[in-house]
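> how would this look folded up:
(chains A and B)
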Amino acid sequence: MKLTHDAAFANWTAPSALVLALTAAAVAQTPAPPPAPVGLQGLGYTTRPATLRPARPIPEEEAPAEAETAAPAAPDESTAAPATTRAAEVADDPTPIATDRDAYDVEFFPLPDGCVLEVGGMAMTSDGALYVSTRRGQVWRVDDPLADDIADAKVTLFHEGLWEGLGLDVVDDQIFVVQRGELSRLDDVDGDGRCDAVVTIADDWGLSGHYHEFAFGLPRTADGDWFVGLNVSFGDPEWWHGRSTVPYRGWILKVSPDGTVLPWASGLRSPNGIALDRGGDLYVTDNQGDWVASSPIYRIEKDRFYSHPKSLDWTPEYRAAGRLADDEIPPPEAATGRTGPAIWIPYQWSRSTGNLLEDTTNGRFGVHDGQFVVAELTNGMILRAGFEDVQGQRQGWITPLVEEIGSVNRVFQAEDGTVLCGLTNRGWGGLAPADGLARVRFKGRAAMEIESMRILDVPEEPTGDDADEFGFELTLARPVADGWAPTADAVKLVQYDYDYWWEYGSPERHMEELELASAALSEDRTKLRLRFAGMLPAMCVRLTLDGVTAADGSPLLHDTISYTVNQLPSGPPTNAYVAKTVPPPPSKQEGAAGVLHLSWGDALEQFDSEGWELCAAEVDAQNPARFAITPGSSALVNAAEGAGDFTTRGAFADFHLRFDFMLPEGGATSLGLGNGAERVRLVDDAAACGGLTKASAPPRTEVYAGAGQWTNVQLWYRAERADEPARIQRLDLNGVTVQEDVALAQVGRWMRGDGDAAAPPMSAPIAFGGTDGPVALRDIRVKPLGRPSGAVDDPNGDAGTDWTFLDAAGTWDDWEAMGDADFSVSNEGVAAKGALGWLWAPVDELGDVEVRFRAKVNANGAGALVLRARDTDAGVEGCAVRIDASYPAGGSTGTLSAGDAKAEVNATLVPSDTWVDVAVAIRDREGGGTDVDVSLNGVAVNRLSLEETLEPGGIALRTDHDGSVVRFANIRYVELAAGE
Amino acid sequence: MSRGAPAELGRIGDRASRLPERAAAPILVGVTLRKDPRIALVPLGRPSAWAVPVLLTLGLGALAAPGTDAASGEPAADGPTADGAALYAEHCARCHGANGNGEGTAELDRPARSFLDGGYSYGNTLRAVERSVRHGIPGTPMPAFGETLDADGIRAVSNFVVALGPPGTIVEEGASVLGPEARVEIVHGMLPPLSEGERVAPRGVALGFPNGTTFAYDKAEGELLAVLTGDFVDRRDWRDRGGAALKLLGNVSYRPDDAARAAGAARRDGVALERRVHTVAASGADGARLDFDLRTADGERVGGGSEYLGFARVADVPVPVRFLSVTGSGASFAPLGGSALALVEAGGGREAEVRRAGAGLFAVDVPDVPSVRVLVHAEKWSTALGDALAGALGAESDGSNDDGSDDGEDA
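Now for the predicted structure:
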């Protein structure tokens, strides 16, 4: 919709720069406001430092001179209720409202012995009794729930024996409850106050028996149909992947009283809260997790797809084609056929959202009629939300309302405005109390709150540079005290979005603080119009007001409000989503195969790193020639006195290297290649950065962006060979090529060799200079190109060796399994799924041997290949080569262990779900003892020297624990001659 | 342990070709790694190469919990029980904060959980937290500690973490046991397999009678699964996050066989009709009723019916009786072969015929009324049972047995 100026915004004060400056000074001298209410401040946001400059004065065009005559236009006229009566009451009581308990009473119902209310649903019968269904499958009747003295309410059992009751409805005084497996009517046939007949209304949905298959409800349309939500279950063993193994898991269903079940909308993960507004619009809250970045509130429309792909398996299209949604690859529907939430609730406010309701009591709850009350378990509160339609899409705002109630799963509103809060957190987590029933009542005096928020279009008659300045209009519940003005240091707005991916939730991405471009406060000091530079569609914002109090000193109880900008009010509508489809994390990409991540895990372990530290660094504002170092893990810095070069332990021949570096002002470092064949200059000087020292080659173009900026380096390097010098095939800074095909100096060492042209190319460590002043590095990855043999057609260096392949046959003949793992074989090798188990390869006892194989392990999984394996009374013993991409330290892929002896790899050189070529050689030493060497992707990474000689033994594959999926392929071995 | 011999680890088989037939161990939940000395583990309490320097660098060494040497982080002594607080300080505090507030010193892509408010990705049960500790959480910086810590350590640190949070709802052992007292209890829930090789019944219903009898039905199929005697049911889904199967506490006294299922099935034109139970109702302390629709295999509703549950009392022993009645054009029970073992007065001057309908079950039919059948759960037919049944049916039995025997046992 196109928002326009209206008469409501007459008589804006239009502060000049001078007024602003004076006001800012006045604010600075005002005594500190009363302590902020408990809650939000403790949930602290991270934002960029505030810019302390006053906002541009509001242009005349935005300050029309007519008198203010009406409330601002709202999408629904009913949402505009007067706040003036409450303001008048406040005037009678001079006590400031300092906490939400000054505005609301929160009382818990006393419960009879043995009654534990783990509330899943609530509704009232015509006699004013409240029926409460619980996760224990009980239904309790609360007589006189609105009694003045809560102790006068009487709680009695109506029924026991349902399989959960996460939604309850009352139709003509009959009780309907959605159980896990059916929607039921509970009849009291003999009138003794107890249910004695359970009538199945509908049960036409799947139930596999997995524990995570809840059925949520239970709003009813004007036509008498219900909506029910089904969540997805979890995978096995990939338990973090949602599953929809039976029909309509992950759907919202429309259920008719005649039992007809109509699949209504798909793409839900765990839609715990379902509500209809008085206009019949359906809202659903979902729970953060895979494919769900944070807690959303969707407006649900028929046949639409919302987020979680697994539900798509039950669409007619998928069923007809026999398609199944992928666990990790976003479905095609995600790009264009998805409907985003109307509101993304910030993670800090909600990690587990309950249901919601539209307040229809015309302010009796102290909430504007038409606004929504939202239940929240984890932080244990209720929030307040409002919606509007912008360019055909619903979106809106949300802010906390009453905090520290307990794990509120359900809210229900009585006609007098009282909101009944049903609690439960069993197995889910959330603020204490964990269960029970509370009622929250408005005391009649309005707190100072941000009452509502709506998005503003660009000015109708822009004055020039404000042509693209969208903004928000905030209505405050009460006039803001004199002395406060909407200056840039009192109004903060951050903008952010999310990733849409299979992983659990999403960080807030692209976080940016937007500059307050203009601000105006209405003459009655209750309305703020704020405009910001750079507002984008398909983003969320959080807006914080600082220092706001009411005239009587009542603080702004909740100073932050979040708004989901699906669309801006004008301009071409976007087809982007707040949660944007991103490639799966780098570790899952095909291109990650073969890459060694040198700075993952314990980065220092992979380098000779005297004087280097893992920390966080930025250019010191006091002394820009230095870094300010803080604890952290985002940078490797040569922080200590006398730091040396940062040199890889492994040696590389041909490789592709990528890393980021950052320098302070005047800083310098270099990249050492080929044992001194060349040093690439990386200096705080764009004309020189990327130049080659020995080859005297300046960079082709000036790319380096400056001190304090991370610069990306990509280098393709070809090592020196007997018959040719080393080459820099290409060097890119920030994606721009600055060197190409430069031959480097012969370093001589090679020439002293035996001159055999077939000899492998020279391998050398990679060295990052650490002696020329401060430098910060991060995300160092190297992909060896080619293998030690260097032959293109023999990437594994197998040529000339008579390998015995173990898994080529694709059969189980002569393999032997032991333990609790599940092994399967295919053309792609052996897949081992935990728990702990071994698979013995069909080999005789082997002594000195080299074994090569490819391996891949899932995130959080672990396994090993065991050499010289022996089945002893103490278990399978031998020397294990670990395959593990998730171990926090000391057990990453390449780690060797034999008995108590262990040689650790402390860095995640190879990410999860990525094939790695492993070669391991085990040899006895003359005079006793055994040596084991392991290389990954052709780079020697680890060695274990055992004092005692390991006895010959077999080869066993191992998976370590449940949840592990380890794949082995091309397992082959060759026995080593003595001394080889 | 020797290769080729069954071991306590659960040897799979001599030939790997049999491997795929073996179901994977229950991997998802509740699997506690058995304490097995063969699982190579990093010794408990041994600081990782990463954690210690960082802890010391940041001056957090002093936070090491009692039982550890603050300077090295090494355990002061090897104890038999893992120290959850010490393990927490060593492995968790860097990200989750020394006091669990989620404000550790590590810079993370996304904030670590605060345990103080009970926020856990996969739930706050000990089991769920143990799983997160063991496997980590994909997509987050939470690593897997399944190899760093042994089962004791994981349990200890998980207990410590759960205790940091707000108290959850605790269901004490036994508190979830339901027992019918004055009225028949109708309990919906998932019924576990009653014998090996059977499937669970996710849509199950159990009717518990104060006299100690339980009737367990698969509600989706409308089929009796078992009659049990003893205590009623443990509602195990009251624990953790819910969703667990009911645990029937009684002893199974009856399970239907094929003959019994055939005797209980309504037919039309010789084809068995499907039952869809739509109402389960209790009547006082010793009566209950299931109402069902009768449908063809195509799902067409062709009739309905009821199954009444009650008891005939023989020497104060309740004998379960199911009174089946169907309506709808052509719906009836298939006549049973053979001559009647006994006759029972069925009121209105009619006599009902008793025939065996499978092991432990007798069918009582009134000739020419094929839409009604009474099933009596007894091993043997006796005059006393006939009398009691006649009483239950509202008539006196004439006590006659057509074979003159008191024992209608037939092979």
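
> residue contacts, A:G422?
A:117, A:119-122, A:132, A:408-412, A:437 (C-beta atoms under 8 Å, 6 or more residues apart in numbering or on different chains). C-beta here means a position set from N, CA and C on the backbone, and glycine is covered the same way.

> With pLDDT added, can I get those residues in a markdown table?
Converted to a markdown table, the contacts of A:G422 look like this (pLDDT from 0 to 100):
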| residue | pLDDT |
| --- | --- |
| A:L117 | 97 |
| A:V119 | 98 |
| A:G120 | 98 |
| A:G121 | 98 |
| A:M122 | 98 |
| A:V132 | 98 |
| A:V408 | 97 |
| A:N409 | 98 |
| A:R410 | 98 |
| A:V411 | 98 |
| A:F412 | 98 |
| A:L437 | 98 |
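
> Any of those residues buried? List them.
Among those, those classed as buried by neighbour count (16 or more other C-beta atoms under 10 Å in any protein chain shown) are A:117, A:119-122, A:132, A:408-412, A:437.

> Going along the chain, name the helices of chain B.
Assigned by DSSP state H, chain B shows helices spanning B:51-57, B:84-91, B:93-96, B:126-135, B:151-164, B:258-264, B:383-393.

> Among those, which comes closest to chain A?
The closest of the helices of chain B to chain A is helix B:126-135. By C-beta to the nearest C-beta, the value is 4.2 Å.

> just to revisit the earlier point, looking at the helices of chain B, which one has the lowest mean pLDDT?
When those are ranked by mean pLDDT, helix B:51-57 comes last with a mean of 24.

> neighbours of B:S329, just the number please.
By other C-beta atoms under 10 Å in any protein chain shown, the residues close to B:S329 number 7.

> An error on my part: the question was meant for A:K833.
A:K833 has 25 nearby residues by other C-beta under 10 Å.

> Next: the one 10 residues further on.
Neighbour count for A:V843, taken as other C-beta under 10 Å: 18.

> Likewise for A:N575?
11.

> just A:D196 next, same as before
Neighbour number of A:D196 under other C-beta under 10 Å is 22.

> what does A:D172 give?
A:D172: 6 neighbours (other C-beta under 10 Å).

> Quick check: the gap between it and chain B.
18 Å (C-beta to the nearest C-beta, to the nearest Å).

> contacting residues around that residue?
Shown in contact with A:D172 (C-beta under 8 Å, 6+ apart): no residues.

> in the stretch 251-400 of chain B, which ranges drop under the pLDDT threshold?
For the stretch 251-400 of chain B, applying pLDDT under 70 flags the ranges B:392-400.

> Looking at it, what residue ends up closest to chain A?
B:A281 (3.6 Å).

> Now do the helices in chain A.
A:17-29, A:84-92, A:100-103, A:316-321, A:332-336.

> any idea which of these scores lowest on pLDDT?
Minimum mean pLDDT among the helices of chain A: helix A:17-29, a mean of 34.

> isn't B:A220 right next to B:R199, touching?
No - B:A220 lies out of contact with B:R199 (C-beta atoms under 8 Å); the separation is 11.3 Å.

> For the stretch 201-350 of chain B, which residues are neighbours of chain A?
Along the stretch 201-350 of chain B, the residues adjacent to chain A under the rule C-beta under 8 Å from any C-beta of the partner chain are B:202-203, B:219-220, B:235, B:237-245, B:277-283.

> Just want the most central residue of chain B.
B:A245 (2.8 Å; C-alpha atoms, centre = their mean).

> For it, list the residues it contacts.
B:A245 touches A:209, B:189-192, B:200, B:236-237, counting by C-beta under 8 Å, 6+ apart.

> run the last query once more with 6 Å
B:190, B:192, B:200 (C-beta atoms under 6 Å, 6 or more residues apart in numbering or on different chains).
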